[in-house]
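Trainee: missing the sequence, but the structure's below:
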Ligand code: CA
């Protein structure tokens with residue numbers, strides 16, 4: 001089965017309420033989808049996490065390497081693309097581009113063998129995943145202590161058993177929000193906090209110590225991803241587990257995180273860290289190092305479906321009568337085309353999401369939905 005075409009679709013949509021995190025602000029949603037066509041008529045879809053236009057350009061530059069290649073040879077294609085850009089592309093956008101292509105090729109493989117990706121990857125180990133709500137961003141206007149408490153209560157009312165707060169702005173204000181968040185959701189809801197690398201080591205330790213009594217499940221990206229020594233200092237200073245890795249890439253990048261035990265819970269993004277092929281390898285490396293893996297998920301239903309396929313095969317570590325299960329990051333912030341790209345949306349019921357069981361990623365693409373948001 002030969003690849004005969006590779007198409008990129010850049011999608012954009014304005015937000016009605018722009019949102020902020022530690023260092024940036026979004027007033028649009030954007031993504032790049034990858035469509036790979038084969039000579040059998042089977043097509044596959046993938047998604048890349050990151051700046052859509054430059055990643056689309058990288059994917060287009062890979063096209064001569066992809067046309068005519070065997071679509072089922074996922075590891076060979078991954079290695080060919082990575083080797084081609086290795087000297088200047090071990091991290092960042094070239095790997096994001098490979099990720100979207102790899103996901104599309106797994107979608108093709110599943111459709112070819114009429115099996116969901118998780119079955120071809122040796123699973124499923126689970127057929128449903130507990131989701132936690134990501135949101136709780138800051139807005140341009142209003143009192144965050146008011147609107148964030150209201151938002152958190154909305155997620156609990158929706159049935160979510162976990163909620164992640166955005167911090168990384170200023171320690172005192174962030175502490176007040178974490179306290180108000182715990183007070184609002186009560187003791188039984190998993191509460192996480194994500195600084196989007198908005199602190200230095202001193203502020204991260206100060207922040208952590210001031211909320212150590214709140215049963216925070218993890219403290220995400222306390223410092224910039226390059227500062228693994230900083231992660232280790234914070235890890236040694238705090239009782240709260242550290243998570244991170246949404247800005248890290250490939251088995252090589254995670255090798256260094258795992259071998260140095262810098263992060264308690266790694267969070268590779270399937271649409272950025274190297275796709276399904278690479279993230280399965282990273283997951284197995286994490287097991288060998290005894291470190292938890294809870295993927296970062298951000299994007300449309302296509303990225304969500306790919307993440308669910310991977311979540312279905314993440315190994316239990318350790319096995320047991322009631323093993324610790326991975327969680328699905330379920331972004332609840334405004335996204336005009338998150339579900340519009342799918343014919344049937346992937347939704348949660350009481351905070352639980354079923355792993356799609358159809359062939360490939362298990363989703364059907366809504367081309368009209370894609371066209372509505374596609375830009376030149
Ligand atoms: Ca994050």
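Mentor: Cool, the structure landed. Being a predicted model, the structure only gives us computed values, none of them experimental.

Trainee: quick one: residue 353 is in a strand?
Mentor: Yes - the assignment for residue 353 by DSSP: H, G, I helix; E, B strand; the rest coil puts it in a strand.

Trainee: run through this protein and note the low-pLDDT ranges.
Mentor: Within the chain, no stretch has pLDDT under 70.

Trainee: try it again at 80.
Mentor: Within the chain, the stretches with pLDDT under 80 are 376.

Trainee: and the next element down the chain from the longest helix seen in it?
Mentor: Counting residues, the longest helix found in the chain (DSSP state H) is helix 93-113. Downstream of helix 93-113, the next assigned helix or strand under DSSP states H and E is helix 117-120.

Trainee: for stretch 343-361, measure first residue to last.
Mentor: This stretch, stretch 343-361, spans 13 Å end to end (CA to CA, to the nearest Å).

Trainee: how far out from the middle of the chain is it?
Mentor: With CA atoms, centre = their mean, to the nearest Å as the basis, stretch 343-361 stands 16 Å off its chain's centre.

Trainee: show me how far stretch 194-203 is from its chain's centre.
Mentor: Going by CA atoms, centre = their mean, where stretch 194-203 is centred and where its chain is centred differ by 20 Å.

Trainee: try stretch 34-47
Mentor: In this view, stretch 34-47 has its centroid 22 Å away from the chain centroid, taken as CA atoms, centre = their mean.

Trainee: buried stuff in it?
Mentor: For stretch 34-47, burial by neighbour count (16 or more other CB atoms under 10 Å) applies to 34-38, 42-47. Heads up, the C-betas are built off the backbone N, CA and C, glycines and all.

Trainee: let's see which of those residues end up in strands.
Mentor: Of those, the ones assigned to strands by DSSP state E are 34-38, 43-47.

Trainee: TSV please, covering those and showing distance to residue 336.
Mentor: Formatted as TSV, those follow (distance: CB to CB, whole Å):
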residue	distance to residue 336
34	20
35	20
36	25
37	27
38	31
43	24
44	24
45	19
46	20
47	16
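
Trainee: tell me the two of those residues that are most distant?
Mentor: Pairwise distances across those (CB to CB) peak at 18.7 Å, for the pair 38 and 47.

Trainee: hang on, the earlier thing: and which of the buried residues of stretch 34-47 is nearest residue 27?
Mentor: Taking CB to CB as the measure, residue 27 lies nearest residue 47 of the buried residues of stretch 34-47, at 21.0 Å.

Trainee: that closest one against residue 269, yeah?
Mentor: No - judged on CB atoms under 8 Å, residue 47 makes no contact with residue 269 at a distance of 10.3 Å.

Trainee: number of residues surrounding residue 295?
Mentor: Residue 295: 27 surrounding residues under other CB atoms under 10 Å.

Trainee: how close does the closest residue to it other than its chain neighbours sit to residue 117?
Mentor: Distances taken as CB to CB, 6 or more residues apart in numbering put residue 307 closest to residue 295, at 5.3 Å, once the chain neighbours are dropped. Separation of residue 307 from residue 117 (CB to CB, to the nearest Å) stands at 11 Å.

Trainee: equivalent analysis for residue 86, please.
Mentor: 26 Å.

Trainee: between these two, which is the more surrounded one?
Mentor: residue 117 (30 against 13).

Trainee: name the nearest residue to that one, sequence neighbours excluded.
Mentor: Once flanking residues are discounted, residue 117 sits nearest to residue 309: 4.0 Å by CB to CB, 6+ apart.

Trainee: does that neighbour sit in a helix or strand, and which one?
Mentor: Residue 309 belongs to helix 301-311 when assigned by DSSP H and E.

Trainee: do residue 191 as well
Mentor: Going by DSSP H and E, residue 191 is part of strand 190-194.

Trainee: what lies in contact with that strand?
Mentor: 132, 134, 161-168, 174, 178, 181-182, 185, 211, 214-221, 243, 327 (CB atoms under 8 Å, 6 or more residues apart in numbering).

Trainee: now do the buried residues in that strand.
Mentor: Of all the residues in strand 190-194, those buried under the rule 16+ other CB under 10 Å are 190-194.

Trainee: partner strands of it, with direction?
Mentor: Counting by DSSP bridges, the strands paired with strand 190-194 are strand 162-166 (parallel), strand 216-220 (parallel).
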